[in-house]
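Engineer: here's my sequence, what's the structure:
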Amino acid sequence: MTATPRSNKPTVETIQPNPARAKDMPYAPAVRIVGACDLMFVSGVTPSPLYHFHPHVDEEHQHPIGIGDQVDRAMTAAKEVLDSVGATWTDVVKITKYLTDIRDMEGMSKALAPYFGDWKPASTTICINQLSSPGARVELDMIVAIPKKS
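Structural biologist: Numbers count the residues shown, from 1 in each chain. As a prediction, the model looks like this:
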């Protein structure tokens, strides 16, 4: 699947070495950016508010238990960043997902699906010991291809 480019937007293509097996994958093995663009690297977002105090104030980091709800909160924070530069989910070319329990992978994937629709950015999932605030089970960082303004 290739995302439909807007005017002056670089073409973003998924790379499928074996297209017949693409339906078996929940992500693209690679994404190629063709044309001029800017790259934006989105810092890790968690279920915590995008802006919060450092050092952490516990009241700002009350997370829901369910992985789906935690993913929704993290994606809300990521959308705030995307919106600020006029980017959309189909501009995300790479997502790295950090989980504190690998058994949450299926629930996380289900929660991410409505955001990306048919678009499947390149993806990596890593299981880690813990995140920056107690109770956080997911962190997401992204690489975004933003069209150059004419």
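
Engineer: give the buried residues for whichever helix or strand Lys79 is part of.
Structural biologist: Element membership of Lys79, judged by DSSP states H and E, is helix 67-84. Neighbour counts over helix 67-84 (16 or more other CB atoms under 10 Å) mark Ile67, Gln70, Val71, Asp72, Arg73, Ala74, Met75, Ala77, Ala78, Lys79, Val81, Leu82 as buried. Placement of C-beta: from N, CA and C, glycine included.

Engineer: tell me the contacts of the third one?
Structural biologist: Same thing as Val71. When contacts are counted by CB atoms under 8 Å, 6 or more residues apart in numbering, Val71 touches Gly107, Met108, Ala111, Leu112, Val138, Leu140.

Engineer: gap between the first one and Gly135?
Structural biologist: What it means is Gly107. Distance from Gly107 to Gly135, counting by CB to CB, to the nearest Å: 16 Å.

Engineer: picking that back up, turn the buried residues of helix 67-84 into TSV, columns for distance to Leu39.
Structural biologist: What follows is the buried residues of helix 67-84, written out as TSV (distance: CB to CB, whole Å):
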residue	distance to Leu39
Ile67	29
Gln70	27
Val71	24
Asp72	26
Arg73	25
Ala74	21
Met75	20
Ala77	20
Ala78	16
Lys79	18
Val81	14
Leu82	13
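
Engineer: nearest to Ser43, of the residues you listed?
Structural biologist: Closest to Ser43 out of the buried residues of helix 67-84 is Val81 (8.4 Å), distances taken as CB to CB.

Engineer: quick check: bridge partners of the nearest residue to the closest one once chain neighbours are set aside?
Structural biologist: Nearest non-adjacent residue to Val81, counting by CB to CB, 6 or more residues apart in numbering: Val42, 5.3 Å away. Note on Val42: beta-bridge partners by DSSP bridges are Met142.
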